[in-house]
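# here's a sequence, model it:
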Amino acid sequence: MADEVLTAAQVRIHADGATQQEAMKEAADILEAAGAVTSAYYEAMQLREQTVSTYMGMELAIPHGTNETKDAILDSALSVVRYDGGVDWDGEHVTFVVGIAGKGDEHLEILSKIAVLFSDEDEVAALKSATTADELFALVSQAGV
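Next up, the predicted model:
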């Protein structure tokens with residue numbers, strides 16, 4: 001599945017932090033650059049966040065659109081961004097922002113794999129210690145995401 005939804009170009013590491021809006025915008029921009037979503041997807045992410053926080057625990061947020069904005073999704077894809085300076089996500093500390101676009105019901109399978117990866121403290125520690133985006137991409141890919 002990794003070959004289909006995640007490429008090395010969709011993985012980034014930033015030494016500094018970002019605001020929640022900046023992090024969501026970057027997630028949406030990466031998905032748009034991958035051809036997975038239209039420019040309307042960032043707004044869809046904001047709408048989702050207004051109804052329910054996409055903070056998942058374990059320093060992870062997974063911004064994604066609402067069911068009503070499915071037409072902004074062209075294909076399934078992920079973006080993975082690590083902010084070493086952190087992101088204040090509605091009062092929660094976030095290091096990883098994983099943008100998700102899922103065509104049809106594929107987002108459920110993608111969400112499930114992300115949840116499994118981030119439920120393991122050792123895996124999260126390894127993701128945090130990756131020194132390059134390529135290394136981070138390899139770790140996420142090895143997890144079957």
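
# so where does the residue nearest the centre of the chain fall, helix or strand?
Closest residue to the average C-alpha location of the chain: Val98 at 1.1 Å, with CA atoms, centre = their mean. Assigned by DSSP states H and E, Val98 belongs to strand 92-101.

# adjacent strands (with direction) for that strand?
strand 60-61 (parallel), strand 77-89 (antiparallel) (DSSP bridges).

# run through who's touching the first one.
I take that to be strand 60-61. Here strand 60-61 makes contact (CB atoms under 8 Å, 6 or more residues apart in numbering) with 20, 23, 53-55, 87, 89, 92, 94-98, 114, 118, 124. No exception for glycine: its C-beta is placed from N, CA and C like everyone else's.

# stretch 127-145: which residues count as buried?
Under the neighbour-count criterion of 16 or more other CB atoms under 10 Å, stretch 127-145 has 127, 130, 133, 136-137, 139-141, 143, 145 buried.

# can you check stretch 87-99 too?
Using 16+ other CB under 10 Å as the test for burial, stretch 87-99 gives 87, 89, 92, 94-99.

# in CSV, list the residues you listed along with distance to Leu6 and pLDDT.
Listed next are those as CSV, based on distance: CB to CB, whole Å; pLDDT from 0 to 100:
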residue, distance to Leu6, pLDDT
Val87, 20, 98
Trp89, 21, 97
Glu92, 24, 97
Val94, 19, 98
Thr95, 18, 98
Phe96, 13, 98
Val97, 14, 98
Val98, 10, 97
Gly99, 11, 96
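
# ok, of the residues you listed, which one's closest to Ser76?
Gly99 (11.7 Å; CB to CB).
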